[in-house]
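**Q** Output the structure for:
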Amino acid sequence: MTRLVGLPPLVSADTRLVVLGSFPGAASLAAQQYYGHKQNQFWRILSAIYAADADTICASSYAFRSNWMLSKGVGLWDVYASCEREGSLDAQIRKAEVNDFVALRQRCPGLQAVAHNGAESFRHAGQLAELGLPTVRLPSTSPANASWSFARKLAAWREVFEQYGMI
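**A** Model prediction:
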């Protein structure tokens, strides 16, 4: 099985909340973009939280979406730096190497909290809590999480963003 390498953190010194996924899916790795699968609801949820036109945000370039997100104090990364996996499902992740969260904390001095996008990411919440960062589990925005409606996911995400003063 081929070893896959994840994406670099999409953060700035002004990042106050980092959303941690598990590891980019095949579409995201191919595009070299976080949440690059067209059916992933991440960008639509973020648009709704900030009352932005989702069609405009989702149709914009990745650079535009990234800069827009960063301007809100939100960053992205994954818990795994690399792994072996066939397909895109978290259940297929093998021999994963965890990212350096200490370096993330140093890179983002204003970081206030970490929101885990899904259960696999949340398995590593303890490592971030050791750094003094509150962590929260959010419902996955993945199309594989079809048991949650968009409205239900949005309500959960909005609650966390409000809790940490992100809106």
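**Q** where's Leu128, which helix or strand?
**A** Using DSSP states H and E, Leu128 maps to helix 125-129.
**Q** Same check on Val136?
**A** According to DSSP H and E, Val136 maps onto strand 135-138.
**Q** Show me what the helix holding Leu128 is packed up against.
**A** Helix 125-129 makes packing contacts with strand 113-117, strand 135-138 when contacts are defined by 3 or more CB pairs under 8 Å, 6 or more residues apart in numbering; DSSP states H and E. Heads up, the C-betas are built off the backbone N, CA and C, glycines and all.
**Q** quick one: average pLDDT of that helix?
**A** Helix 125-129 comes out with an average pLDDT of 90.
**Q** Give the buried residues for the helix or strand that the strand holding Val136 is followed by.
**A** Of the helices and strands lying after strand 135-138 in sequence (DSSP H and E), the nearest is helix 150-163. Buried residues in helix 150-163, defined by neighbour count with 16 or more other CB atoms under 10 Å: Lys153, Leu154, Ala156, Trp157, Val160, Phe161.
**Q** and what of stretch 86-93?
**A** Buried residues in stretch 86-93, defined by neighbour count with 16+ other CB under 10 Å: Ser88, Asp90, Ile93.
**Q** Would you mind measuring the gap between the ends of that stretch?
**A** Terminal residues of stretch 86-93 lie 8 Å apart, using CA to CA, to the nearest Å.
**Q** Please apply the same query to stretch 122-132.
**A** Stretch 122-132 has its terminal residues 16 Å apart, counting by CA to CA.
**Q** need the buried residues of helix 150-163 in CSV with pLDDT and distance to Val18, can you?
**A** Listed next are the buried residues of helix 150-163 as CSV, based on pLDDT from 0 to 100; distance: CB to CB, whole Å:
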residue, pLDDT, distance to Val18
Lys153, 98, 18
Leu154, 98, 19
Ala156, 98, 17
Trp157, 98, 14
Val160, 97, 12
Phe161, 98, 13
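**Q** export the residues you listed to CSV and tack on distance to Ala103?
**A** Below are these laid out as CSV (distance: CB to CB, whole Å):
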residue, distance to Ala103
Lys153, 30
Leu154, 31
Ala156, 29
Trp157, 26
Val160, 24
Phe161, 25
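**Q** follow-up on the earlier one: among the helices and strands packed on helix 125-129, which comes closest to Ala30?
**A** strand 113-117 (19.4 Å; CB to CB).
**Q** And the closest one, how far out from the chain middle?
**A** 7 Å (CA atoms, centre = their mean, to the nearest Å).
**Q** if I read this right, Val79 contacts Ile93, doesn't it?
**A** No: with contact defined as CB atoms under 8 Å, Val79 does not reach Ile93; the gap is 10.0 Å.
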